[in-house]
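J.: no sequence on hand, only this structure:
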């Protein structure tokens, strides 16, 4: 006799709409795909059904009797039992403002009527899969938290631990005030590493961040170790290590993570370079970064109170990095908006030459520059010609004055072939390389404007920038300019 495993329970979908025809249509469509459909015709009923049935996902119309879809969405997001239930808002209004208001209230997705049931099914599947991954991350984080909690409880009973907690609170307030005033991501990273090193006597510390969404977390700043040497360390977004760190939300020793076989590949570079602890910088939207800490200079192992100090430091830094990241994104948006204005100032022939130069420069930069320098260089190339005229220069200087993140000023410095803000002595190698590529791009555009063919223009550009190009940059520019 064989025992068959029970069939999996179908996911339940709560459909909320005051139009009976819409509810019936979605009930048939969702039922055909095996989902169990719950129904509600107004906002109050939706909240009652959600509280009683705990649906796996909610399809919520914006315009509802009694309570609007926005109000229902906000109430569901504050439900202590299940604040993470996926919500798809539906509205006949396709305006951007309506979409933004829904997302601001906590909706995970937004559909404008009329929509295809197939598109709704695809989005439901995606959100249910993402919700399952989030539940698993929280579960694993809770498991890891429980394992660490037992060891912490005994220390908390002592008077010494109490005094330590008082000190941590005071330090946390100090960190928060110190970081809050910094909206330049690079200045904030430098302050974070300085605090970590000075407070704990670390031999080295590094900050891993993703310069753009979806990129791996890579080393963006380091103290006590050359960034070039540890630049190969990274954490995959959505990978096992990132998921565990985001779920745990606290500093963790690498030796405690080594028992997870699935993490061995990502942990190996950290262990090889002497790092001992990883500190997740977890913000409201997930990981803002990871602080990697080495051993103490006095040779002592990082104690429990050291890890708790790192936790306070990480919590303060995560929120500050989130705000600084938003400021930088706004600055990049301003430069993106100025790029078409700059392009209109050129003749069609010069614009075509500039586009060729930008493409050639971008291909070369992708081989020899990290993400941050590539983005700065791309902005500088697009705005280079415009920055030479008073109108363009004035617009860029006004943008730099209003930009608290420092990004616009960095682009201007690159255009002026200036030094990095706050740097002393020789300019960093990556910036010198970026400036060399910028010189080559401008020389290429100028040569094409004089009528030289792409091959001869590239040769002239390489010769013009030769003194500024190191061997990797020269090799990257050896390839012929790509055709537009």
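T.: Done, it's in. All of these numbers come straight from a predicted model, not from anything done at the bench. Residues are numbered from 1 along each chain as shown.
J.: show me where pLDDT drops low in the stretch 201-350 of the chain?
T.: 225-229, 231 (pLDDT under 70).
J.: for the residue nearest to residue 215 when sequence neighbours are not counted, give me its contacts.
T.: Spatial nearest neighbour of residue 215, excluding adjacent residues (CB to CB, 6 or more residues apart in numbering): residue 371 at 6.2 Å. Every residue, glycine included, has its C-beta placed from N, CA and C. Applying CB atoms under 8 Å, 6 or more residues apart in numbering to residue 371 gives the contacts 211, 212, 215, 218.
J.: show me where the chain has its strands.
T.: 12-16, 36-40, 57-61, 87-91, 109-112, 205-209, 217-223, 234-235, 252-253, 275-283, 286-294 (DSSP state E).
J.: which elements pack onto the second one?
T.: When contacts are defined as 3 or more CB pairs under 8 Å, 6 or more residues apart in numbering; DSSP states H and E, strand 36-40 packs onto strand 12-16, helix 20-32, helix 43-53.
J.: so the second one versus strand 57-61, what angle?
T.: Pointing back at helix 20-32 there. Relative orientation of helix 20-32 and strand 57-61, computed by axes from the mean of the first three to the mean of the last three CA atoms, to 10 degrees: 160 degrees.
J.: so residue 271 touches residue 254, yeah?
T.: Yes. Using CB atoms under 8 Å as the test, residue 271 is close enough to residue 254 to be in contact (5.9 Å).
J.: excluding its backbone neighbours, what's nearest residue 27?
T.: With CB to CB, 6+ apart, the residue lying closest to residue 27 is residue 37, at 4.5 Å.
J.: now stretch 318-325, how far from the centre of its chain.
T.: 10 Å (CA atoms, centre = their mean, to the nearest Å).
J.: now do stretch 433-446, average pLDDT.
T.: Across stretch 433-446, pLDDT averages out at 89.
J.: who touches it?
T.: Residues outside stretch 433-446 that contact it (CB under 8 Å, 6+ apart): 350, 353-354, 356-358, 360-361, 364-365, 368-369, 373, 376-377, 380-381, 384-385, 414-415, 417, 427, 457-458, 460-462, 464-465, 468-470, 472-473, 476-477, 481.
J.: need the helices and strands packed on strand 36-40 in JSON lines (columns: mean neighbour count and mean pLDDT).
T.: Formatted as JSON lines, these follow (neighbours: other CB atoms under 10 Å; pLDDT from 0 to 100):
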{"stretch": "strand 12-16", "mean neighbour count": "24", "mean pLDDT": "94"}
{"stretch": "helix 20-32", "mean neighbour count": "15", "mean pLDDT": "92"}
{"stretch": "helix 43-53", "mean neighbour count": "18", "mean pLDDT": "93"}
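J.: with distance to residue 301 added, can I get these in TSV?
T.: TSV is the format used below for these (distance: least, CB to CB, whole Å):
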stretch	distance to residue 301
strand 12-16	49
helix 20-32	55
helix 43-53	49
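J.: nearest to residue 324, out of these?
T.: helix 43-53 (36.8 Å; CB to CB).
J.: so which elements touch that closest one?
T.: strand 12-16, strand 36-40, strand 57-61, helix 69-77.
J.: would you format these as CSV with distance to residue 135 included?
T.: Shown next, in CSV, are the helices and strands packed on helix 43-53 (distance: least, CB to CB, whole Å):
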stretch, distance to residue 135
strand 12-16, 15
strand 36-40, 18
strand 57-61, 13
helix 69-77, 16
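J.: out of the ones you listed, nearest to residue 200?
T.: helix 69-77 (37.4 Å).
J.: report the buried members of the contacts of stretch 433-446.
T.: Buried by 16 or more other CB atoms under 10 Å: 350, 353-354, 356-358, 360-361, 364-365, 368-369, 373, 376-377, 380-381, 384-385, 414-415, 457-458, 460-462, 464-465, 468-469, 473, 476-477, 481, out of the contacts of stretch 433-446.
J.: so residue 92 is in contact with residue 98, correct?
T.: No. With contact defined as CB under 8 Å, residue 92 does not reach residue 98; the gap is 9.2 Å.
J.: before we move on, back to that, can you tell me which of the buried ones among the contacts of stretch 433-446 are in helices?
T.: Among these, the members found in helices (DSSP state H) are 350, 353-354, 356-358, 360-361, 364-365, 368, 373, 376-377, 380-381, 414-415, 457-458, 460-462, 464, 473, 476.
J.: can you redo the strands of the chain as JSON lines with distance to residue 48?
T.: As requested, these are exported to JSON lines (distance: least, CB to CB, whole Å):
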{"stretch": "strand 12-16", "distance to residue 48": "11"}
{"stretch": "strand 36-40", "distance to residue 48": "8"}
{"stretch": "strand 57-61", "distance to residue 48": "13"}
{"stretch": "strand 87-91", "distance to residue 48": "16"}
{"stretch": "strand 109-112", "distance to residue 48": "24"}
{"stretch": "strand 205-209", "distance to residue 48": "44"}
{"stretch": "strand 217-223", "distance to residue 48": "43"}
{"stretch": "strand 234-235", "distance to residue 48": "43"}
{"stretch": "strand 252-253", "distance to residue 48": "42"}
{"stretch": "strand 275-283", "distance to residue 48": "34"}
{"stretch": "strand 286-294", "distance to residue 48": "32"}
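J.: follow-up on the earlier one: of the contacts of residue 371, just the buried ones, ChimeraX syntax please.
T.: Here is the ChimeraX command that selects the buried residues among the contacts of residue 371 (16+ other CB under 10 Å):
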select :211,218
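J.: closest one of the contacts of residue 371 to residue 102?
T.: Of those, the one sitting nearest to residue 102 (CB to CB) turns out to be residue 212, at 25.1 Å.
J.: if I look at the closest one, how far off is residue 185?
T.: From residue 212 across to residue 185, the span is 12 Å (CB to CB, to the nearest Å).
J.: and stretch 64-77, which residues are buried?
T.: Neighbour count says stretch 64-77 has 64, 67, 68, 69, 70, 71, 72, 73, 75, 76 buried, by 16+ other CB under 10 Å.
J.: with stretch 184-204 instead?
T.: For stretch 184-204, by 16+ other CB under 10 Å, it's 184-193, 195-197, 200, 202-204.
J.: okay, which residue is most central for the protein?
T.: The residue lying closest to the centre of the chain (CA atoms, centre = their mean) is residue 213, at 4.3 Å.
J.: ok so, going back, residue 389: which of the helices and strands packed on helix 43-53 is closest?
T.: Evaluated with CB to CB, those place helix 69-77 nearest to residue 389, the distance being 47.3 Å.
J.: mean confidence (pLDDT) on the closest one, please.
T.: Mean predicted lDDT for helix 69-77 stands at 92.
J.: same for that helix, what does it pack against?
T.: Using 3+ CB pairs under 8 Å, 6+ apart, helix 69-77 is in contact with helix 43-53, strand 57-61, strand 87-91, helix 96-104.
J.: apply 6 Å and report the result again.
T.: helix 43-53 (3 or more CB pairs under 6 Å, 6 or more residues apart in numbering; DSSP states H and E).
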